[in-house]
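Participant: My questions concern the predicted model and sequence given below.
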Amino acid sequence: METVAPLKEITDVIRQNGSSSFDFCYQCGICDVVCPWNRVRPFSMRKIIRQAAFGLTEIEGEDIWRCSTCGTCPQRCPRGVNQIEVGMSLRRIATEYGVFPDSVAPVVTVGASLRAEGNPFNMERSKRADWAEGLSVKTFTEGMEILYSPGCYLSYDPRMKKVAAATAKILNKAGVDFGILGTKESCCGESIRKTGNEQVFKHLARENIKNFIDLGVKKILVSSPHCYHSFKNEYPEFNVNFEVVHISQYLQELMDEGRLEPAREFEKKITYHDPCYLGRHNKIFDAPRDVLKSIPGMQLTEMAECRENSFCCGGGGGRIWMETPKGERFSDLRLKQAVDVGAEVLVTACPYCITNFTDSSLGLEQGRAIEIKDITEIIAEVI
């Protein structure tokens, strides 16, 4: 095996990024057993960790880019190895050298778009708030109760704009004093950081933090678990702390306070998918379920792999922008699980999950019989 970079460089870079935990690995292979990749093709995280420990990682290959950072293997590792941090460190090396396999090449364009326009779609920043036209959504000013940060997908993606609109309807119905940053909003940077582009992440984080501070933001409401994770767990690295709430939590809060009540029934059988970055990474399992259970007429059934054991959709770790061949998509398997429990609607609370499940539903005969909905779309329908 050819060593692409000197042993000292690879091991030192990994350690510098807080990932010396690979020293603890005793090659038990549990990470391989629980990894969702091994449900669709052979893949060994154990091998990557071993190679990293000896500085023998093949950074020009696709394997270091496969991890969707779902969090399953760190959760199960008996030795406390942080496989995600090791993988991110290896991607930083590949990014520094400009080594990207064909399937990963789109992240280069994404990085440039994030820096130039603040979003991964190369869409004009001036159009970021177009989703809010006609919805009685104000620009955030100091003193408002909530800053609503819809994120990139809800701002630009035609399917996900419906989720942003549903959220605005709910907030207005509940009498919430909220506003958006509009053209000043930029991507949270969580996913580009997971691809190893620390420079772009820091650029986006500093830009957002400056806007938050300048406008006196205290409480941030988000629709994406990736925004939630970044604002809550990563932005404190810049010595700032904001109160961050995911929409599923806020819906529960509004219902508990009596500010939001279902006015009609939703007589369909549903199943709820726990997004990795909402559930496994941030332990938010009950809030979305409690919200759904409060709706009259709804039948909630669980898939076999749920809560801490939820099966990844495949979009995390920047993979939402990478090419995944048909037959290797986690979302196909997850959609089949939802169909198998007899659900008419698959409900979740993450734009990546909805995007991947929607794509899978178009390609699977059984998938066409099930609706893919965000939790806010269900609530907006019954209030």
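Facilitator: Ah, there it is.
Participant: can you give me the helices in the stretch 151-300 of the chain?
Facilitator: 152-156, 158-173, 190-194, 198-214, 225-229, 247-256, 286-293 (DSSP state H, counting those that start in this stretch).
Participant: helices or strands up against the fourth one?
Facilitator: It stands for helix 198-214. The contact analysis (3 or more Cβ pairs under 8 Å, 6 or more residues apart in numbering; DSSP states H and E) places helix 198-214 against helix 106-117, helix 190-194. Just so you know, the C-beta spots here come from the backbone N, C-alpha and C atoms, and that holds for glycine as well.
Participant: Name the stretch among those helices that sits most buried.
Facilitator: helix 190-194 (a mean of 25; mean count of other Cβ atoms under 10 Å).
Participant: Centre of the chain to that helix, how far?
Facilitator: A distance of 10 Å separates the centroid of the chain from that of helix 190-194, by Cα atoms, centre = their mean, to the nearest Å.
Participant: for that helix, packing partners?
Facilitator: Counting contacts by 3+ Cβ pairs under 8 Å, 6+ apart, helix 190-194 is packed against helix 83-97, helix 106-117, helix 198-214, helix 225-229.
Participant: wait, what's in contact with the one residue sitting closest to the centre of the chain?
Facilitator: Central residue of the chain (Cα atoms, centre = their mean): His226, 3.7 Å from the mean position. Residues near His226 by Cβ atoms under 8 Å, 6 or more residues apart in numbering: Gly151, Cys188, Glu190, Ser191, Tyr277, Gly316, Cys350, Tyr352.
Participant: State the distance from the residue nearest to it when sequence neighbours are not counted to Phe231.
Facilitator: Spatial nearest neighbour of His226, excluding adjacent residues (Cβ to Cβ, 6 or more residues apart in numbering): Glu190 at 4.4 Å. Plainly put, Glu190 is 9 Å away from Phe231 if you go by Cβ to Cβ, to the nearest Å.
Participant: Please apply the same query to Asp340.
Facilitator: 35 Å.
Participant: Neighbour count: the two, which is higher?
Facilitator: A direct count of neighbours by other Cβ atoms under 10 Å for Asp340 and Phe231 places Phe231 higher, at 27 against 12.
Participant: and the nearest residue to Glu305 once chain neighbours are set aside, how many neighbours does it have?
Facilitator: Leaving aside its sequence neighbours, Glu305 sits nearest to Phe311 (Cβ to Cβ, 6+ apart; 4.4 Å). Neighbours of Phe311 under the rule other Cβ under 10 Å: 21.
Participant: and Phe311, that one's in a helix?
Facilitator: No - using DSSP: H, G, I helix; E, B strand; the rest coil, the assignment for Phe311 is coil, not a helix.
Participant: if I pick it, what's in contact with it?
Facilitator: Pro36, Met303, Glu305, Phe330, Leu333, Arg334, Gln337.
Participant: what's the neighbour count on the second one?
Facilitator: It refers to Met303. Using other Cβ under 10 Å, Met303 has 21 neighbouring residues.
Participant: any idea how far it is from Lys127?
Facilitator: Met303 is 37 Å from Lys127, by Cβ to Cβ.
Participant: Quick check: the gap between the residue nearest to Glu305 and Pro74.
Facilitator: 16 Å.
Participant: With pLDDT and distance to Thr358 as new columns, can the contacts of His226 be given to me in CSV?
Facilitator: Listed next are the contacts of His226 as CSV, based on pLDDT from 0 to 100; distance: Cβ to Cβ, whole Å:
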residue, pLDDT, distance to Thr358
Gly151, 98, 17
Cys188, 98, 22
Glu190, 98, 21
Ser191, 97, 18
Tyr277, 98, 18
Gly316, 97, 17
Cys350, 98, 12
Tyr352, 98, 11
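Participant: Among the residues you listed, which one sits closest to Gly258?
Facilitator: Proximity of the contacts of His226 to Gly258 (Cβ to Cβ) peaks at Cys350, which lies at 27.6 Å.
Participant: Spatially, which residue comes closest to the closest one, not counting chain neighbours?
Facilitator: Spatial nearest neighbour of Cys350, excluding adjacent residues (Cβ to Cβ, 6+ apart): Pro275 at 3.5 Å.
Participant: I figured that neighbour was touching Cys313, is that so?
Facilitator: Yes - using Cβ atoms under 8 Å, Pro275 makes contact with Cys313 at a distance of 7.4 Å.
Participant: which residues do the two both contact?
Facilitator: By Cβ under 8 Å, 6+ apart, Pro275 and Cys313 have these common neighbours: Cys350, Tyr352, Cys353.
Participant: ok, and the most crowded of these?
Facilitator: Using other Cβ under 10 Å as the neighbour test, the shared contacts of Pro275 and Cys313 are led by Cys353, with 31 neighbours.
Participant: Not counting the helix or strand where it lies itself, show me its contacts.
Facilitator: Secondary structure assignment for Cys353, by DSSP states H and E: helix 351-363. For helix 351-363, contacts defined as Cβ under 8 Å, 6+ apart pick out 151, 153-154, 157, 159-160, 163, 223-224, 226, 273, 275, 313-316, 320, 326, 329-332, 334-335, 346, 348, 367-368, 370, 372-374.
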